[in-house]
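J.: Make a model of this:
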Amino acid sequence: MTVLLASFFYCLLSAVAVVLPAEVYVVGVALATDVAPGWLALAAALGQVAGKMLYYLVGRGVLDVARLRRRGTAGGRWAQRMTTVERWCEEHVWGPSAVTLVSAFAGLPPYAIVSVLAGSVRMRWWLFALLSVLGRFARFWAILQVPHLLPDALFGL
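T.: I've put the predicted structure just below:
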């Protein structure tokens with residue numbers, strides 16, 4: 001239980017401080033403990049989504065991060081691409097859901113930016129959270145399957 005709580009909080013922190021790689025942490029925990037991959041993937045997914053809800057709230061305007069907006073954190077080609085994605089989402093009712101699910105799983109477009117986008121296009125918070133948990137769970141579960149596919153000799157087990 002302690003490992004799952006630690007994983008939840010590490011992944012929550014990694015969702016906000018994007019320099020902390022959740023995937024590497026989760027694989028390390030899986031290799032060092034005997035926690036079931038499904039539970040570990042779920043704890044990691046819930047932590048990541050809890051952290052990304054802050055980004056969602058920024059997009060909704062609930063959290064005011066004016067200094068981040070002034071800096072123009074997303075510039076150049078990414079800003080243009082995200083504008084295109086935002087327009088597409090506004091034209092298709094299911095657009096924000098599809099983009100959220102794909103981004104939560106694949107990381108493209110970047111999940112942090114999609115979290116803000118979901119808030120700005122007024123996607124329902126519970127739908128954003130549900131699709132995000134599904135996508136992140138699938139991502140972490142898939143990542144946790146990789147060590148089991150590699151020969152034991154690579155890890156010295």
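J.: For the chain, name the helix or strand with the lowest mean pLDDT.
T.: helix 66-71 (a mean of 48; mean pLDDT, DSSP states H and E).
J.: Residue 27 sits in which helix or strand?
T.: Using DSSP states H and E, residue 27 sits in helix 22-32.
J.: How about that helix, which residues are buried there?
T.: 22, 23, 25, 26, 27, 29, 30 (16 or more other Cβ atoms under 10 Å). C-beta here means a position set from N, CA and C on the backbone, and glycine is covered the same way.
J.: Dump those into CSV; add distance to residue 134 and pLDDT as well.
T.: Shown next, in CSV, are the buried residues of helix 22-32 (distance: Cβ to Cβ, whole Å; pLDDT from 0 to 100):
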residue, distance to residue 134, pLDDT
22, 16, 96
23, 17, 94
25, 21, 96
26, 17, 95
27, 21, 93
29, 21, 95
30, 20, 92
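J.: Out of the residues you listed, which comes closest to residue 136?
T.: Closest approach to residue 136 among the buried residues of helix 22-32 (Cβ to Cβ): residue 22, at 8.9 Å.
J.: Not including adjacent chain positions, what is the nearest residue to the closest one?
T.: residue 14 (4.2 Å; Cβ to Cβ, 6 or more residues apart in numbering).
J.: what's the neighbour count on the one you found?
T.: 21 (other Cβ atoms under 10 Å).
J.: rewinding a little: can you redo the buried residues of helix 22-32 as TSV with distance to residue 138?
T.: Shown next, in TSV, are the buried residues of helix 22-32 (distance: Cβ to Cβ, whole Å):
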residue	distance to residue 138
22	14
23	13
25	18
26	13
27	16
29	18
30	16
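J.: Right, I'll leave it there.
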